[in-house]
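J.: below is the structure, and that's it, no one-letter string:
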């Protein structure tokens, strides 16, 4: 005998990666999500030896990442959790192939005017796609407590 | 001595590129020959494999002569994981190919080149030469699936009057 609810998928929506990312967004905003700037170097100059010799430095551009939540790790690091939606938007707009390439190329994360180096990146998958990224940021030596 | 460093890098880069034009790397969306100077690039925790990384180390200045003689230690670091398609089982062959390329580029005659000043555009020839000894290969180190080696070259130049 068929009865409603028996054997039916009750929560297709929750298994959907889009819904998971939205849920992650909401959670991050709910716990005080803020914005930071990801500092990206501009593409290198093709055939220009001056950059290879350290005579010219690349220009940088800052792109906003939000919502993110920052917590203190040890005395040298801070942990930043960022929504995959925000990361995907930057990956798409800047023409990167993947989030890990974006973070590998990033010069650092600007938090309240302080530039922190990206030490490592891990992702959490929900519903088969990344929902949040966790970055370990290294504080500049001058600010370590 | 910066002019000598720049000249040695450009010379070695061009020699390596002539030996194996396929050894390239992607640096901020631009394809470049597979030799970089670490101190001239953005700091990275993940050094690239299958390319040469040049690092300036020791420095000695002998001021007895008419022109000070500068001796600079130069480390050239390189590593390979092998080809993923071959399960990394060809990493020994790939590091051997890099050994051969580096040896051929550094030890090729002449082991000197006219010093150039690259702060000017185009670069300006200076009055003395940059010269170097043979490359000395260190032991290969195995780090997980990665095989790494550090080779060293001693590079010499004369410090010209007014040169920084």
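T.: That came through, no problem. This is a predicted model, so every value here is computed, not measured. Numbering: from 1, shown residues only, chains lettered A, B, ... in the order given.

J.: who's residue 129 bridged to?
T.: In the absence of a named chain, chain A is used. Judged by DSSP bridges, the bridge partners of residue A:129 are residue A:126.

J.: I was thinking of chain B, sorry if that wasn't clear
T.: residue B:114.

J.: any idea how far residue B:83 is from it?
T.: Residue B:129 is 40 Å from residue B:83, where distance means CB to CB, to the nearest Å. Where you see a C-beta, it was placed from the backbone N, CA and C, and this is true even at glycine.

J.: pLDDT wise, what is residue B:12 at?
T.: As predicted, residue B:12 sits at a pLDDT of 97.

J.: am I right that it falls within a helix?
T.: Yes - checked against DSSP: H, G, I helix; E, B strand; the rest coil, residue B:12 lies within a helix.

J.: the chain: strands as residue ranges?
T.: This is for chain A. With DSSP state E as the criterion, chain A has strands at A:34-41, A:60-72, A:77-83, A:108-111, A:114-126, A:129-138.

J.: if you could check chain B rather than the one you did, that'd help
T.: Using DSSP E, the strands of chain B run over B:24-27, B:30-33, B:35-37, B:52-62, B:69-80, B:112-117, B:124-132, B:136-137, B:141-143, B:146-158.

J.: the third one packs against which elements?
T.: So that's strand B:35-37. Applying 3 or more CB pairs under 8 Å, 6 or more residues apart in numbering or on different chains; DSSP states H and E, one finds that strand B:35-37 makes contact with helix B:2-19, strand B:52-62.

J.: now do the longest one: everything it contacts.
T.: Going back to what we said before, that points to helix B:2-19. A:49, A:52-53, B:23, B:33-35, B:37, B:52, B:54, B:56, B:70, B:72, B:74, B:101-102, B:104-106, B:108, B:113-118, B:126, B:130, B:132, B:155, B:157, B:163-164 (CB atoms under 8 Å, 6 or more residues apart in numbering or on different chains).

J.: show me which of these are buried.
T.: For the contacts of helix B:2-19, burial is judged from neighbour counts taken by 16 or more other CB atoms under 10 Å in any protein chain shown, and it is met by A:49, A:52-53, B:23, B:33-35, B:37, B:52, B:54, B:56, B:70, B:72, B:74, B:101-102, B:105-106, B:113, B:115-116, B:118, B:126, B:130, B:132, B:155, B:157, B:163.

J.: format the strands of chain A as a markdown table; extra columns: distance to residue B:144.
T.: What follows is those, written out as a markdown table (distance: least, CB to CB, whole Å):
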| stretch | distance to residue B:144 |
| --- | --- |
| strand A:34-41 | 29 |
| strand A:60-72 | 31 |
| strand A:77-83 | 24 |
| strand A:108-111 | 27 |
| strand A:114-126 | 17 |
| strand A:129-138 | 21 |
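
J.: quick check: the closest residue to chain A within chain B vs residue A:98, distance?
T.: Using CB to the nearest CB, residue B:40 is the residue of chain B that sits closest to chain A, at 3.5 Å. Separation of residue B:40 from residue A:98 (CB to CB) stands at 27 Å.

J.: nearest to residue A:136, out of the helices and strands packed on strand B:35-37?
T.: strand B:52-62 (24.2 Å; CB to CB).

J.: residues near the residue in chain A that chain B sits nearest to, how many?
T.: Nearest residue of chain A to chain B: residue A:54, at 3.5 Å (CB to the nearest CB). Residues lying near residue A:54 (other CB atoms under 10 Å in any protein chain shown) number 15.

J.: if we can go back for a sec, out of the strands of chain A, nearest to residue B:79?
T.: Nearest to residue B:79, of the strands of chain A and by CB to CB, is strand A:114-126 at 19.8 Å.

J.: the closest one vs strand A:34-41, what angle?
T.: 110 degrees (axes from the mean of the first three to the mean of the last three CA atoms, to 10 degrees).

J.: in strand A:114-126, what counts as buried?
T.: Taking 16+ other CB under 10 Å as the criterion, strand A:114-126 shows A:116-118, A:121, A:126 as buried.

J.: how about these, which pair is most distant?
T.: Comparing all pairs in the buried residues of strand A:114-126 by CB to CB, the longest separation belongs to A:117 and A:126, at 27.7 Å.

J.: do stretch A:96-113 and chain B come into contact?
T.: Yes - where contact is defined by CB under 8 Å from any CB of the partner chain, part of stretch A:96-113 touches chain B, namely A:104-105, A:107.

J.: all good on my end, thank you.
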